[in-house]
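In: please work out how this folds:
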Amino acid sequence: MRALALILLVALALPAQAGMFDDDVARERIEKLRGELAALSQRIDLAAKNQIDFANQSESLRAELANIRGQLEVLLNDMDATQKRQRDFYVDLDSRLRKLEGGTAPAAEAKPAAENDPAQETRDYEAALSAFKNGKYKDAIAGFQAFVTAHASSSLLPNAYYWTASGHYQMKDYRKAADVFAKVAATWPNDPKAPDSLLAQANALGEAGDVKGSKKVLEALITLYPGSPAAQTAKQRLRK
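Out: Here you go, the predicted structure:
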């Protein structure tokens, strides 16, 4: 009888012990899953932080890229203006030499030569451009307007109007900027600044809220100057 009772007690105790073992295993799995969850949470937080850092870095890089592009544009225009001034200088020099060689230069023609002094033209243009580079956009606009009045026959007029428009753009007078940019392309359609002016006009109209007008100008730019870098930029913007 005692043996039978002992056997019964052992048999009853086994399920209870099995339950204890099952609980221990379950607790271990729960703790393991909690650990994995905590690690995953940390990875998610780190990824989110990296995304924020990446977004901030991306925005900073975009701003830096825009600044570099602006500086490059100024340098390219400086080079273009310098080449134009050199051509004007040599044309003027050749004209004066021809008059001296002929020995018949009338006194009345000396006055226009003084009025169209290439050196003074260069100084006036450089002064206005320097104001623009230094962020003195109001002074730059006034300087270029004075340049246009004083040097009405200058080959730098397209550049002067372009930078005048750029000054208005920087001062957030987008409508005025768009009008002046349009004048550059309309008055000097064969000038290298014409396609850039149309692109800038489209930008100004977009900033002014005239989306349809901006799109129309971009389409005209592509039609009129299909091989220009400005037209390639216009195509990219129209795809967006």
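In: the bottom helix or strand of this protein by mean pLDDT?
Out: The least trusted helix or strand in the chain, going by mean pLDDT, DSSP states H and E, turns out to be helix 110-115, with a mean of 46.
In: list the contacts for residue 162?
Out: By Cβ atoms under 8 Å, 6 or more residues apart in numbering, residue 162 lies in contact with 77, 181, 184, 193, 196, 197, 200. Where you see a C-beta, it was placed from the backbone N, CA and C, and this is true even at glycine.
In: was I right to think the fourth one contacts residue 158?
Out: Yes: if you go by Cβ atoms under 8 Å, residue 193 and residue 158 touch, sitting 4.7 Å apart.
In: what's the overlap in contacts for the two?
Out: Shared contacts of residue 193 and residue 158, counting by Cβ under 8 Å, 6+ apart, come down to residue 184.
In: returning to what we had before: ok, then the element right after the least confident helix or strand of the chain?
Out: helix 118-133 (DSSP states H and E).
In: okay, buried residues for that next one please.
Out: For helix 118-133, burial by neighbour count (16 or more other Cβ atoms under 10 Å) applies to 118, 121, 122, 124, 125, 126, 128, 129, 131, 132.
In: in terms of secondary structure, what does it contact?
Out: helix 2-102, helix 137-150, helix 157-170 (3 or more Cβ pairs under 8 Å, 6 or more residues apart in numbering; DSSP states H and E).
In: any low-confidence regions in this structure?
Out: Applying pLDDT under 70 to the chain flags the ranges 1-27, 49, 53-116.
In: rerun at 80
Out: Along the chain, the model assigns pLDDT under 80 to residues 1-117, 240.
In: what is the neighbour count of residue 140?
Out: Neighbourhood size, residue 140 [other Cβ atoms under 10 Å]: 25.
In: contacting residues for it?
Out: For residue 140, the contacting residues are 128, 129, 131, 132, 163, 164, 167, by Cβ under 8 Å, 6+ apart.
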